[in-house]
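Colleague: Sequence and computational prediction follow.
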Amino acid sequence: AQTVTQSQPEMSVQEAETVTLSCTYDTSESDYYLFWYKQPPSRQMILVIRQEAYKQQNATENRFSVNFQKAAKSFSLKISDSQLGDAAMYFCAYQKAGNQFYFGTGTSLTVIP
Amino acid sequence: DAGVIQSPRHEVTEMGQEVTLRCKPISGHNSLFWYRQTMMRGLELLIYFNNNVPIDDSGMPEDRFSAKMPNASFSTLKIQPSEPRDSAVYFCASNKGQAAYEQYFGPGTRLTVT
């Protein structure tokens, strides 16, 4: 079975600094997709970034980027120039080719002014 | 375009009562997912429909839980009878039913069973 592990239950970062959230996953498949979702206090789940496993290039969305290491089954999220609005719970998710999703347990990010 | 719609947003009920949660997926999406979120267990997939057919219900906790999708624009999650341990936030999500498409989540229903 696929599992997604987020080993950091809580992280904090100073405003304007950079923080990296870790995620590892377990799979025997070669074709899959990875996502980071953000859940602010409003509890609405919002897509942050997506990575296709067949692409070697790391995905980037403005201040958000990933470090995708397929052989190591690692998918970390880097937030640059952290802002107060980045404070939220962040979930890593794995999507298999059959469209089933598996989520990690989340990392709570605090941004310190 | 409207997002995933869930109702009610909040539900408070007494133990033993029947609870029905409702979801309207985004138009054109043919896959629908029900999740439960708690502090202890995180985000758990309960059931996954594709083209209105349940594909994976292995996450449904027990017989007290049932889910239906009578058509492409509506799904229900029913708990009968409800128990205090069912208290959680229940999310509905939808996508286009193929890999590479992200899920779009509804705002969730916060259920409290007293």
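Modeller: Noted; the coordinates are in hand.

Colleague: burial of whatever residue of chain A ends up closest to chain B, as a residue count?
Modeller: Of all residues in chain A, A:Met45 sits closest to chain B, at 3.8 Å by C-beta to the nearest C-beta. Placement of C-beta: from N, CA and C, glycine included. When neighbours are counted by other C-beta atoms under 10 Å in any protein chain shown, A:Met45 registers 27.

Colleague: who touches the closest residue to it other than its chain neighbours in this structure?
Modeller: Closest residue in space to A:Met45, ignoring its immediate chain neighbours: B:Phe105 at 3.8 Å, by C-beta to C-beta, 6 or more residues apart in numbering or on different chains. B:Phe105 makes contact with A:Tyr37, A:Gln44, A:Met45, B:Val4, B:Phe91, B:Cys92, B:Ala93, according to C-beta atoms under 8 Å, 6 or more residues apart in numbering or on different chains.

Colleague: Can you lay out those as CSV showing secondary structure?
Modeller: Shown next, in CSV, are those (DSSP: H, G, I helix; E, B strand; the rest coil):
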residue, secondary structure
A:Tyr37, strand
A:Gln44, coil
A:Met45, coil
B:Val4, coil
B:Phe91, strand
B:Cys92, strand
B:Ala93, strand
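
Colleague: Among the residues you listed, which one has the most neighbours?
Modeller: Top of those by neighbour count (other C-beta under 10 Å): B:Cys92, with 29 neighbours.

Colleague: Not counting residues beside it along the chain, what's closest to the residue positioned nearest the centre of chain A?
Modeller: The centroid of chain A falls nearest to A:Trp36 when counting by C-alpha atoms, centre = their mean (3.5 Å). Once flanking residues are discounted, A:Trp36 sits nearest to A:Val48: 4.3 Å by C-beta to C-beta, 6+ apart.

Colleague: Got the phi and psi for the one you found?
Modeller: A:Val48 has phi and psi values of phi -100, psi -50 when expressed as degrees, to the nearest 10.

Colleague: Neighbours of it, how many?
Modeller: Number of residues near A:Val48 (other C-beta under 10 Å) recorded here: 21.

Colleague: From what I see, it and A:Asp86 are in contact.
Modeller: No. The criterion here is C-beta atoms under 8 Å, and A:Val48 misses it with A:Asp86 at 9.6 Å.

Colleague: what touches both of those two?
Modeller: A:Lys38.

Colleague: most centrally placed residue in chain B?
Modeller: Among the residues of chain B, the one closest to the centroid is B:Trp34, at 3.1 Å (C-alpha atoms, centre = their mean).
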